[in-house]
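Trainee: I would like the atomic coordinates for the input below:
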Amino acid sequence: MYTRVVTARRAGIAVLLSWLVSFVVGLTPMFGWNNLHQLQQNGSLLSPSDISTTSDLPFETVISMDYMVYFNFFGWVMLPLLLMLGIYVEIFYMIHRQLNKKVMSSHSDPRRYFGKELKLAKSLALVLFLFAVSWLPLHILNCITLFCPSCDSPADLIYVAILLSHANSAVNPVVYAFRINKFRTAFRKIWQQYVLCYDPVGRLPQRGSQRSRRETRLKQNDDDDDV
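Mentor: Residues are numbered from 1 along each chain as shown. Below is the predicted model:
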């Protein structure tokens, strides 16, 4: 079922759409949703020379908090986060229900099969959890800035929230590598081939019966399902 739905073409389209959405969301302030007009009206717009010599220019001075909260946070962080949370709840519920029924006509050991699916779902849920932990603090501080202008957020807390948001990009590959065997194998091959300049293909067996190669390939695919 998975191989029929997730084809290479569909995966490529999904990646392309993800990058397109990222560009649209990230470049929206450059298209006009910023504080430029307000700064011009207040006469507080800094010249390029002033900006180059100013080390303490608040982020919210140039970026609209309406954009950061309503568009960025509510539209492209909170909504997908809630959607993914609902999907994972449904996944865990379906696995639990199928395990109770013990209905798996195409597999001799349904508990082993669904155990793999449950481990994979847990790994992806961990990625979702780390995403929430990494990004929610910064967006919550942005909400405080927008809805409570008189509230003063500690500078150290803001720096920690920014650091967490940037660290999320480095956390996901580590989680995938340690939790999912297929990603771990792929990372190892990339490291060996492109960093160590070592070609693992040359070490693959070139001879052997077609049946033994097929059995080895089936066993390897079954092992790759373990996470």
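
Trainee: which element follows the longest helix seen in the chain toward the C-terminus?
Mentor: Longest helix in the chain by number of residues (criterion: DSSP state H): helix 110-147. The element immediately downstream of helix 110-147 (helix or strand, assigned by DSSP states H and E) is helix 155-179.

Trainee: Check which helices and strands the helix or strand that that following helix is followed by sits against.
Mentor: The element immediately downstream of helix 155-179 (helix or strand, assigned by DSSP H and E) is helix 181-190. Where contact means 3 or more CB pairs under 8 Å, 6 or more residues apart in numbering; DSSP states H and E, helix 181-190 is packed against helix 155-179, helix 210-224. C-betas here are computed from N, CA, C, even on glycine.

Trainee: ok, of these, where does mean pLDDT dip lowest?
Mentor: Here the helices and strands packed on helix 181-190 differ in mean pLDDT, and the lowest is helix 210-224 at a mean of 50.

Trainee: Okay, domains of the protein per the record?
Mentor: Residue ranges for the domains of the chain, per the TED database: 1-34, 58-199.

Trainee: Can I get those in JSON lines including mean neighbour count and distance to N42?
Mentor: Shown next, in JSON lines, are those (neighbours: other CB atoms under 10 Å; distance: least, CB to CB, whole Å):
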{"stretch": "domain 1-34", "mean neighbour count": "10", "distance to N42": "14"}
{"stretch": "domain 58-199", "mean neighbour count": "14", "distance to N42": "11"}
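
Trainee: Which one of those has the poorest average confidence?
Mentor: Among those, domain 58-199 scores lowest, at a mean of 84.

Trainee: distance of V62 from Y93?
Mentor: Using CB to CB, to the nearest Å, we find V62 at a distance of 45 Å from Y93.

Trainee: Please apply the same query to L79.
Mentor: L79 is 21 Å from Y93, where distance means CB to CB.

Trainee: for W135, same thing?
Mentor: To Y93, W135 is 26 Å away according to CB to CB.

Trainee: With V174 instead?
Mentor: According to CB to CB, V174 and Y93 sit 29 Å apart.

Trainee: Over to E117?
Mentor: From E117 to Y93 the distance is 13 Å (CB to CB).

Trainee: now do L124
Mentor: 15 Å.

Trainee: which residues are contacting stretch 152-165?
Mentor: V133, S134, W135, P137, L138, L141, I144, T145 (CB atoms under 8 Å, 6 or more residues apart in numbering).

Trainee: I misspoke; the intended subject was stretch 135-147.
Mentor: Taking CB under 8 Å, 6+ apart as the rule, stretch 135-147 contacts 60, 65-66, 68-69, 72-73, 77-78, 151, 153, 157-158, 160-162, 164-165, 168.

Trainee: hmm, try it at 10 Å
Mentor: With CB atoms under 10 Å, 6 or more residues apart in numbering as the test, stretch 135-147 has contacts from 58-60, 63-70, 72-74, 77-78, 81, 151-154, 157-158, 160-166, 168.

Trainee: Equivalent analysis for stretch 27-36, please.
Mentor: Contact partners of stretch 27-36, identified using CB under 10 Å, 6+ apart, comprise 24, 42, 44-45, 60-68, 71-72.

Trainee: Now N34. Its backbone dihedrals?
Mentor: Per-residue torsions, N34: phi -150, psi -170 (degrees, to the nearest 10).

Trainee: My guess is Y88 contacts L128. True?
Mentor: Yes - between Y88 and L128 there is a contact at 6.7 Å, judged by CB atoms under 10 Å.

Trainee: V6 against I13, yeah?
Mentor: No - with contacts counted by CB under 10 Å, V6 stays clear of I13, the gap being 11.1 Å.
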